[in-house]
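Student: Predicted structure and sequence below. I'll ask about it afterward.
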Amino acid sequence: MRAIKTVILEFWNEVDRWLWTIGVILSLSGVALIYSSTHMSPNPVEQDLYLKQLFWIALGLVAFWIVYVLPFRFFEAFAYLFYAAAILALVGVFFLGSTRLGATRWYDLGFLNLQPSELAKIATVFALARFLAYSSKYETNISKRLLPALFLALLPMLLILRQPDLGTSLVFFAIFLAMLFWSSIPAIYLFFIISPALSLLAALHWVSWGLFFILLLVVLYLVRPGGFFSTATVTVNLLAGMIMPLVWNRLHDYQKLRILIFLDPNRDPRGAGYQIIQSKIAVGSGGLLGKGYMGGTQTKLAFLPEQHTDFIFSVVGEEFGFLGVLALLALFGYLIYRGIDYAQKARNSFASFTALGITAVLTFQVLVNVGMTIGLMPVTGLPLPLVSYGGTSMITSWIMLGVLAGIGRRRYEY
């Protein structure tokens, strides 16, 4: 008993208490919000979801402690092995995974529906961190730094897109851009990298695409990044512009609807646009102070489906108002600040890149989830880290916090 007490005291004295405490506050707040949004559900299974969430939090805290005590050199040594295992898991889900609502994303383990795409996030961060830590020191050719890094991010992204899961796949692109920026690659190259996506959007009308393509040619002429890179950029953008109709036709019906409803929710107010309309009503009706815990009408009357998962932010807005929303965002803001601070102060390059990559995951998911809830972004199905219901998401979030805390503890090590 004394040994356990000693371990706990050592942990508490060394760990970043603010980071750990805010993680616990966010997680327990999520449990309260899940209970509020499901306790009146006619489905008995949904009424007990808050108890399951407590179990996931407990597992997450254990995972936090395990990765916290491991040195970051352990993750650096096995980074590519973790990445390979994640890729195998993503491939295997197509053969061994369970399918729900037309998506094959989970391994049914009985007590947990394991979503390998969540674990692939942290594995990809490790792999990119190891590669960029080396190439930033020893590789001066930008193309030789860009292309392997792009491959590391693109492979899991495409596999997840095939499931299909557009929202989660975009997280990997955010990781790639953030970590590439951190590697001191000129920002203009990041523009060239995202230019094909911009070409796809501009190609919705031939005039806008033509203007964008002219702008791209001018920038390439002024920057002159090199023959191969320039040729590849022009070729990919030409192809992106020409295949836009094909890309649109290849999208699943629900993906097309999400884009159209994002542009105009009232296009189908009782169908595909229903969720976003009800979410905006819930958030807006909270006012300054909200309607009180378990007092939200949209929540109690179950006007908004999946409110305990992707749309849990709307419960905060309705029941706790603008001040509650502000408090929640402030907590996330501190976690993001802490991650950037550790990335800046870490003397080891791998640790610095890892801290930045994890911070990019948290930042992107918070921005997209909140933006989706208030109608500023299309519905993508990304959970709010530490708050939304979900076992794999909760455990992965705590693993990322544990890695961050471990880097903070050893930030002065080379």
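Tutor: All right, it came through fine.

Student: isn't residue 133 right up against residue 353?
Tutor: Yes. Under the criterion of CB atoms under 8 Å, residue 133 lies in contact with residue 353, with a separation of 5.6 Å. All C-beta spots, glycine's among them, are computed from the backbone N, C-alpha and C.

Student: Those two - which one has more neighbours?
Tutor: For residue 133 and residue 353, the more surrounded residue by other CB atoms under 10 Å is residue 353, and the numbers stand at 26 against 20.

Student: What helix or strand is that one located in?
Tutor: Secondary structure from DSSP states H and E places residue 353 in helix 349-373.

Student: In that helix, which residues are buried?
Tutor: By neighbour count, with 16 or more other CB atoms under 10 Å as the criterion, the buried positions of helix 349-373 are 349-370, 372-373.

Student: Tell me where the longest strand sits in this protein.
Tutor: With DSSP state E setting the assignment, residue counts place strand 103-108 as the longest strand in the chain.

Student: mind listing what residue 225 touches?
Tutor: Residue 225 makes contacts with 142, 188, 189, 192, 233, as judged by CB atoms under 8 Å, 6 or more residues apart in numbering.

Student: how does it look with 10 Å?
Tutor: Shown here is residue 225, whose contacts under the criterion CB atoms under 10 Å, 6 or more residues apart in numbering are 142, 143, 186, 188, 189, 192, 219, 232, 233.

Student: so it sits in a strand?
Tutor: No. If the criterion is DSSP: H, G, I helix; E, B strand; the rest coil, then residue 225 is coil and not within a strand.

Student: Would you list the phi and psi of it?
Tutor: phi -70, psi -10 (degrees, to the nearest 10).

Student: before we move on, the earlier item: which strands and helices lie in contact with the helix holding residue 353?
Tutor: Judged by 3 or more CB pairs under 10 Å, 6 or more residues apart in numbering; DSSP states H and E, the packing partners of helix 349-373 are helix 72-77, helix 116-138, helix 166-182, helix 274-285, helix 312-345, helix 391-409.

Student: Partner strands of the longest strand of the chain and their direction?
Tutor: With DSSP bridges as the test, strand 103-108 is paired with strand 98-100 (antiparallel), strand 113-114 (antiparallel).

Student: Retrieve the pLDDT associated with the spatially closest residue to residue 295 that is not a sequence neighbour.
Tutor: Closest residue to residue 295 in three dimensions, ignoring its sequence neighbours and counting by CB to CB, 6 or more residues apart in numbering: residue 319, at 6.1 Å. For residue 319, the pLDDT comes out at 89.

Student: Okay, buried residues for the strand or helix carrying residue 28 please.
Tutor: Following DSSP H and E, the helix or strand that holds residue 28 is helix 17-38. Within helix 17-38, the residues that count as buried by 16+ other CB under 10 Å are 19-20, 22-24, 26-27, 29-38.

Student: repeat for stretch 98-118
Tutor: For stretch 98-118, a neighbour-count test (16+ other CB under 10 Å) marks 104, 105, 106, 107, 112, 113, 114, 115, 116, 117, 118 as buried.

Student: quick one, domains of the chain?
Tutor: What automatic domain parsing lists as the domains of the chain is 1-77+260-414, 79-251.

Student: Tell me which of those is the most buried.
Tutor: domain 1-77+260-414 (a mean of 19; mean count of other CB atoms under 10 Å).

Student: ok, back up a step: return the distance of the longest strand of the chain from the chain's centre.
Tutor: 18 Å (CA atoms, centre = their mean, to the nearest Å).

Student: Do I have it right that residue 350 meets residue 134?
Tutor: Yes. Shown here, residue 350 and residue 134 form a contact pair, counting by CB atoms under 10 Å, at 8.7 Å.
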